[in-house]
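Undergrad: Got a predicted structure plus its sequence, pasted below:
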Amino acid sequence: MKKSYLELNTNEIDSLLTVLGESSFRAEQIHNWIYDHGVVSWGEMENLPQSLRDKLENMIPLHPLRITKISGSDSKSTRKYLFETLDGQNIESVLMNDRKRTTVCISSQVGCAVDCKFCATASMGFIKNLSVGEIVDQVIHLQTQSKSRITNVVFMGMGEPFLNYKSVIEAAKILSQEMGFGARRITISTAGIVPKIRQLADEDHKYKLAISLNGTDEKSRNTIMPLTKTHSLKSLIESAHYYYKKIRRFITFEYVLLKDVNDSPEDGERLIDLLRSLPCKVNVIPYNEIGGKYNRPKEDKIHAFLHSLKHAPFTVTVRWSKGTDIDAGCGQLAVKDLA
Ligand code: SAH
């Protein structure tokens, strides 16, 4: 498999430079061009001799990803990027701007194996795990595309981050150590892979954790998120308590609101009971329709559900997704057959 420079480890970089008869300080120069200046081609690295730039150009691609399409929303505050990997796969990332923040939503896998019934990515099936470089490169490219400095990175694009745990954690480390994103500006969202939530706590990582809850009892959650059979709701909530005890950071529970599935005031009551003793936040996401069998509740139903959470001991926020006009809303990412 062809690798890009960004995916090489330090030993591989050393041997490449040795082969080229270059000293190792070039590695640092190249590193600065990539991470501090976000250059997209060898040609732009002005402090490298032209002959070296030419040789590198012929030897190895700098980036593992290439932007192949940009979709802009009407409001222009949300843009979706289609990338191609060196092995010809496609992934999507989203760049979102509001007055206070510039957030990028990145993918961790091509497709997804989790099979949540309401999610567009699930329809692709699982294709592959992204490499560390492919994960980080989404942020590097989007920074060059963004007018303002990116402030937050969320692993809420395609894929289940905790089924590509090692690369996701390594990528998050690079984002914080090389690109200056504090751990609190990086959010990892999981459908609920229980052992990995415990591992995150055991390894003492300070990234923000989000859990896609979406159901308030085993049976109904299992119908929309069949992974509940393997990772029960009970074990999921226990792992959340375990995480909080160790890390002392609030978890955000995402709750996709689906018409006539989990949007009744009784669901609201059950949600309060489930999370009562856990310091956390709840983010309600009115469903973004993808043309399948699930629907978004009507506005009054959404408000009635929110009303049922009025006395909840946790903070409740609502994510009125942007970019749904370009299928860039939560859960709408799915690269259709491009041929
Ligand atoms: N696999 C991870 C990361 C994906 S994040 C996870 O499940 O957390 C995507 C978030 O969007 C999840 O909270 C998911 O439940 C939610 N989601 C999926 N499809 C959606 C849709 N069509 N509308 C709104 N939210 C959706």
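TA: Yep, it's here.
Undergrad: For the closest residue in space to L8 that isn't next to it in sequence, give me its contacts.
TA: In space, and not counting its chain neighbours, L8 is closest to L16: 6.8 Å by Cβ to Cβ, 6 or more residues apart in numbering. Yep, even glycine has a C-beta here, placed from its N, CA and C like the rest. Going by Cβ atoms under 8 Å, 6 or more residues apart in numbering, L16 touches Y5, L8, M59, I60.
Undergrad: Could you pick out the buried ones from those?
TA: Y5, L8, I60 (16 or more other Cβ atoms under 10 Å).
Undergrad: quick one: which of those residues is nearest S77?
TA: Y5 (32.9 Å; Cβ to Cβ).
Undergrad: A113 against G125, yeah?
TA: Yes. A113 is in contact with G125 according to Cβ atoms under 8 Å; the separation is 7.5 Å.
Undergrad: I'd say S239 and V194 touch.
TA: Yes. Judged on Cβ under 8 Å, S239 makes contact with V194 at a distance of 4.7 Å.
Undergrad: Near the ligand, which residues of the stretch 101-250 of the chain? Just list them.
TA: The stretch 101-250 of the chain comes close to the ligand at residues V114, F118, C119, M156, E160, S189, T190, A191, S212, N214, as judged by Cβ under 6 Å from any ligand atom.
Undergrad: hang on, the last one is in a helix, isn't it?
TA: No. N214: not assigned to a helix; according to DSSP: H, G, I helix; E, B strand; the rest coil it is coil.
Undergrad: for it, phi and psi?
TA: Dihedral pair for N214: phi 60, psi -10, per degrees, to the nearest 10.
Undergrad: quick one: contacts for it?
TA: Contacts for N214 (Cβ under 8 Å, 6+ apart) come out as C116, R221, I224, M225, E254, Y255, V256, L258, N262.
Undergrad: Enumerate every residue touching the residue lying closest to S167 once chain neighbours are set aside.
TA: In this structure, S167 finds its nearest non-sequential neighbour in V132, 4.8 Å apart by Cβ to Cβ, 6+ apart. Going by Cβ under 8 Å, 6+ apart, V132 touches E7, S167, E170, A171, I174.
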